[in-house]
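Chemist: pasting the structure only:
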């Protein structure tokens, strides 16, 4: 019986579910948490933005700091991509459905391998991470037969 993995994620938490066939429901495989994404940006930065020393007698150039929240979201997307790759390598799933907010879904899509993308059948641009299982199942009925 083919197994479908459903990753329901946002920038700070993710739940990985498996469906093992029609009328078999959803089984929680793993919960992943990234509390750094919920931190205030000021708590993620250890020092102030840097300056480059200019040539001659002028002032140095300001270096735009990377948004710390974006860096943490990117790290979490990479962690999720590795999880999906590990599952693909171990043949844990045959089909993949990604459910995430549009911006974070884009980050995940940029991190997953072409082999994982080959298993991707649906992408849903919604943040369902806080929904109870029964409600989540109702939203997924159009893409997987639960």
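Modeler: In hand now; what should we look at? Fair warning: this is a prediction, and the values are worked out from it, not measured in the lab. Numbers count the residues shown, from 1 in each chain.
Chemist: which residues of this structure score low on pLDDT?
Modeler: 37-65 (pLDDT under 70).
Chemist: for it, what spans make up the strands?
Modeler: Using DSSP state E, the strands of the chain run over 4-9, 13-19, 27-33, 51-52, 61-62, 95-100, 120-125.
Chemist: adding mean neighbour count and distance to residue 81, write those out as TSV.
Modeler: C-beta coordinates here come from the backbone N, C-alpha and C atoms, glycine included. Below are those laid out as TSV (neighbours: other C-beta atoms under 10 Å; distance: least, C-beta to C-beta, whole Å):
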stretch	mean neighbour count	distance to residue 81
strand 4-9	25	10
strand 13-19	21	11
strand 27-33	13	12
strand 51-52	10	33
strand 61-62	10	33
strand 95-100	22	11
strand 120-125	15	12
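Chemist: I'd like those strands as JSON lines, with distance to residue 136 appended.
Modeler: Conversion of those to JSON lines gives the following (distance: least, C-beta to C-beta, whole Å):
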{"stretch": "strand 4-9", "distance to residue 136": "7"}
{"stretch": "strand 13-19", "distance to residue 136": "8"}
{"stretch": "strand 27-33", "distance to residue 136": "11"}
{"stretch": "strand 51-52", "distance to residue 136": "48"}
{"stretch": "strand 61-62", "distance to residue 136": "45"}
{"stretch": "strand 95-100", "distance to residue 136": "8"}
{"stretch": "strand 120-125", "distance to residue 136": "11"}
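Chemist: mind naming the longest helix for this structure?
Modeler: If you go by DSSP state H, the chain has its longest helix at helix 68-89.
Chemist: how far away from the center of its chain is that helix?
Modeler: 6 Å (C-alpha atoms, centre = their mean, to the nearest Å).
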